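Participant: Need the 3D shape of this:
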Amino acid sequence: MDIGKLSMFANMKEKMDWLNQRQQVIAQNIANSDTPDYRPEDLKEFNPATVGNDRQFILAMAKTAPGHSTGLQKPANFKAEEVRKNYEVAPGKNAVVLEEQLVKMNENRIDYQTMTRLYAKQSEMMKTAIGRTG
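Facilitator: Numbering: from 1, shown residues only. Now for the predicted structure:
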């Protein structure tokens, strides 16, 4: 049995994937802190109610005639959104506030550590339930 297919583990994996992508976006914001006209981005808020919906592979059909439907497309996972509330803008029109990005990075790190500990505890509990130890 693949425990990764259980909804509890799938939810944790999805959250960890979101945290990983958010770390990349935050790192990109920090790397561009001196780039003129750069606006920081962030991911849309993680919603546990939609876990699994973003990862569906949906058949995308080719539109071969004007009357044909284009079909469904695979949704983008955790699409990054530009941060709209820019209170501090540097003279070069850069809106990255390093302190704010560092706070987000620390929150992200704490959340990721929490998820890895929860994953480990749930794995131990599953092993105990099926009679394995170690």
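
Participant: ok, residue 112 touching residue 17?
Facilitator: No: assessed by C-beta atoms under 8 Å, residue 112 is found out of contact with residue 17, at 10.7 Å. Just so you know, the C-beta spots here come from the backbone N, C-alpha and C atoms, and that holds for glycine as well.

Participant: so what's residue 37 closest to, chain neighbours aside?
Facilitator: Of all residues not flanking residue 37 in the chain, residue 93 sits nearest, at 4.7 Å (C-beta to C-beta, 6 or more residues apart in numbering).

Participant: element containing that neighbour?
Facilitator: Residue 93 belongs to no helix or strand when elements are defined using DSSP states H and E.

Participant: Surely it and residue 34 touch.
Facilitator: No: in this structure residue 93 lies outside contact range of residue 34 using C-beta under 8 Å: 11.7 Å.

Participant: Tell me which residues touch residue 105, please.
Facilitator: When contacts are counted by C-beta atoms under 8 Å, 6 or more residues apart in numbering, residue 105 touches 23, 26, 27, 30.

Participant: one more time with 6 Å
Facilitator: residue 26 (C-beta atoms under 6 Å, 6 or more residues apart in numbering).

Participant: Check the one 5 residues further on too.
Facilitator: Taking C-beta under 6 Å, 6+ apart as the criterion, residue 110 is in contact with no other residue.

Participant: Provide the secondary structure category for it.
Facilitator: Classification of residue 110 using DSSP: H, G, I helix; E, B strand; the rest coil returns helix.

Participant: ok, now the one 10 residues further on?
Facilitator: Assigned state for residue 120: helix (three-state reduction, three-state DSSP).

Participant: What's the separation between it and residue 46?
Facilitator: As for residue 120, its distance to residue 46 is 20 Å (criterion: C-beta to C-beta, to the nearest Å).

Participant: Brilliant, that's me finished.
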